[in-house]
Each structure stands twice: as C-alpha cells, then as structure tokens.
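Novice: The sequence and its predicted three-dimensional model are supplied below.
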Amino acid sequence: MNIKYRQTIIAGNWKMNTLASGAKSYANALCPLIPGFYAWCNVVICAPFTSIHAVVHAFKGNKVSAGAQNMSEHKSGAYTGEVSGEQLRDIGAEYVIIGHSERRQLYGETDESVNSKILAALEVPLHPILCVGESLEERESGVTTNIVSAQIKNALASVPDSEISRVVVAYEPIWAIGTGKTASPEDAQDTCREIRAVLANLYDAELAQRISILYGGSMNEKNAAELLAQPDIDGGLVGGASLNPTAFAEIINAAKGGL
Ligand code: PGA
C-alpha cells in the first residue's frame, strides 16, 4: 500500500452466495469488529444483484459501500435478464466488478465486452473493479506479464485521463481463485508493479500512482497482512473469506498495519 497516493480498498466478492435476508446480521457482526476503519480503508461488499439493496440498508451510516459483480454494457432496452449500471446506482451500488475470470471463463466475456462494460460503468457513474489475471498454464510458460498487460490495454481502450483514477484494478491469478493457493507476496507484488507500469505507459506515471490495484485469489485473514504490506498492492478482492464477517474484519484490520 502507499496511502500517500491512493486509497486502500478491501472488497468482498460474495459471488452467488448469501440471501438478502442475511445482510443485516452480517452487518451487525462485522461493524463492531472494524471500529473507525474508514480512516484507512474503503470497504466494499459486492453482493448478488438480489442482495445489493439489503446490503446498502444494512450498512447505512457505517461507510461500507455496496457493489455488484457484473452489469450490462447497455443502458436500457430489450436485453432480457440483464441489469444496467443505472439500475445498480439507483439501488445504492457504488462499485461493480467487471471481467471477473469466472465471467470470462463461464459466460464468454471477452476483452471487448469488458471494455464496453468499463465505459458504461464510468458513464453512470460507478467505480469499475477491473479483474485481470493469468491461468496456471500461462504463468508456467512465463507469459503472465504479456497476458495481464493485454487485458489491461484492451479493457481500458477509450478510457480518458479524466476518468482513469476512478477505475480500480484487481489482479487475480486464476489459479489462486478459490483454490487456497495464494500468489506469494513477491509474485503478487511483481505483477501489480508491472500493471502500474502498463498504466503509466497508457496514461502517465502520476495518474498511475493514483490507481488502486488490489490482489485477489485466496486472500484470507492469515495471509492478508503480508500481501497488503507490498508497495503496489493497495487492497484485496476477497471471495470465500468475505463470507465470514470475522475473517473479513481481520483482513480489513490487516490493512491498518500498513499505516
Ligand atoms: P477467493 O475469490 O478469495 O475465494 O479466491 C476471489 C475472487 O474470485 O474474487
């Protein structure tokens, strides 16, 4: 982290878990464990569409933001089953995960659709959390930097200088997601530093310094402090461990250690 230049963000990705009716008890469990956290960190909960409204209400007055896990690239119209950015904003969402590897792998999302969604999110406005990351095969064949750089460049096509600091990047090696295998702090730092170099090339070094880059992939209460201590890792996108308010609170509190 480097809190002089950029915001620390700990975002939970609940994936297709939880019910709206559980939001209040989750908030009641989490809030007492993270007193005063907003002084050092933005906490975001990216809930299923059906729970976002409940999350917004459950955390009212507690400075925890709600987010979605996907959105349509379209504004409105005949897109059965889709949800627009404006609809998300309307129920109180402030963030949206875009291009998560599960959406790329299971639902055919491409760099092009990810780019359209990033542009649509910025227009609403929502903060997009852009996910990038390599597969195990790609890491083992030494092409991580090429893959991640291309994902970043394609996803950010036509995003102007004036908007880029509202984008959050999440580096999520696919082989680390939900597997219990975390990237070592050094490997995660190396790739996050390379991501910042790509951003500096696309924009400039000063703007790149202001973009929060999160690490995601089996981050938990035991490994968070070491990952968050890396200079180019500005927070976490946390899946499994965010479902447990005690573990999530420990991760949020680990972000304080960097101060
Ligand atoms: P995980 O998921 O923490 O369960 O590995 C992270 C993510 O997919 O965002």
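Specialist: Right, received. Where do you want to start?
Novice: I figured residue 95 was touching residue 11, is that so?
Specialist: Yes. Between residue 95 and residue 11 there is a contact under Cβ atoms under 8 Å: 6.9 Å. From N, CA and C alone the C-beta is placed, and that goes for glycine too.
Novice: Find residues that contact each of these two.
Specialist: Here residue 95 and residue 11 have 44, 46, 67, 129, 168 as joint contacts, going by Cβ atoms under 8 Å, 6 or more residues apart in numbering.
Novice: Can you list the buried residues in stretch 51-64?
Specialist: 51-56, 58-59, 64 (16 or more other Cβ atoms under 10 Å).
Novice: Next one: stretch 235-244, is it in contact with the ligand?
Specialist: Yes. Using Cβ under 6 Å from any ligand atom, stretch 235-244 reaches the ligand at 237-241.
Novice: Relative to the ligand, which of the residues you listed is nearest.
Specialist: Of all the residues of stretch 235-244 next to the ligand, the ligand sits closest to residue 239, with 2.2 Å by Cβ to the nearest ligand atom.
Novice: so who does the closest one touch?
Specialist: Residue 239 neighbours (Cβ under 8 Å, 6+ apart): 12-13, 15, 177-178, 216, 218.
Novice: again, only using 10 Å
Specialist: Applying Cβ atoms under 10 Å, 6 or more residues apart in numbering to residue 239 gives the contacts 12-15, 17, 46, 100, 102, 172, 177-178, 216-220.
Novice: what's the lowest-pLDDT member of the residues you listed?
Specialist: Lowest pLDDT within the contacts of residue 239 is found at residue 178 (89).
Novice: Count the residues that sit near it.
Specialist: A total of 12 residues lie near residue 178 under the criterion other Cβ atoms under 10 Å.
Novice: wait, it sits on residue 219?
Specialist: No. The pair residue 178 / residue 219 is not scored as a contact, 11.3 Å apart, by Cβ atoms under 10 Å.
Novice: Common neighbours of the two, please.
Specialist: With Cβ under 10 Å, 6+ apart, residue 178 and residue 219 have common neighbours 239-240.
Novice: how far away is residue 203 from residue 165?
Specialist: Separation of residue 203 from residue 165 (Cβ to Cβ, to the nearest Å): 9 Å.
Novice: Overlap in contacts, those two.
Specialist: 210-211.
Novice: Just list the residues touching the residue of the chain most remote from its centre, thanks.
Specialist: The centre of the chain is farthest from one residue, residue 78, which by Cα atoms, centre = their mean lies 28.7 Å away. Counting by Cβ under 10 Å, 6+ apart, residue 78 touches no other residue.
Novice: Can you give me the pLDDT of it?
Specialist: 98.
Novice: Residue 32: neighbour count?
Specialist: 9.
Novice: mind starting the numbering at 27 from now?
Specialist: Let's use 27 as the start, then, which means that last one is residue 58.
Novice: Confirm that it sits in a strand.
Specialist: No. Counting by DSSP: H, G, I helix; E, B strand; the rest coil, residue 58 is not found in a strand; it is helix.
Novice: At the contact with the ligand, which residues of this protein appear?
Specialist: 39, 198, 203-204, 242-245, 263-267.
Novice: For residue 110, grab the count of nearby residues.
Specialist: Residue 110 has 18 nearby residues by other Cβ under 10 Å.
Novice: Secondary structure element holding residue 157?
Specialist: According to DSSP states H and E, residue 157 maps onto strand 153-158.
Novice: what does the average pLDDT come to for that strand?
Specialist: Rounded mean pLDDT across strand 153-158 is 98.
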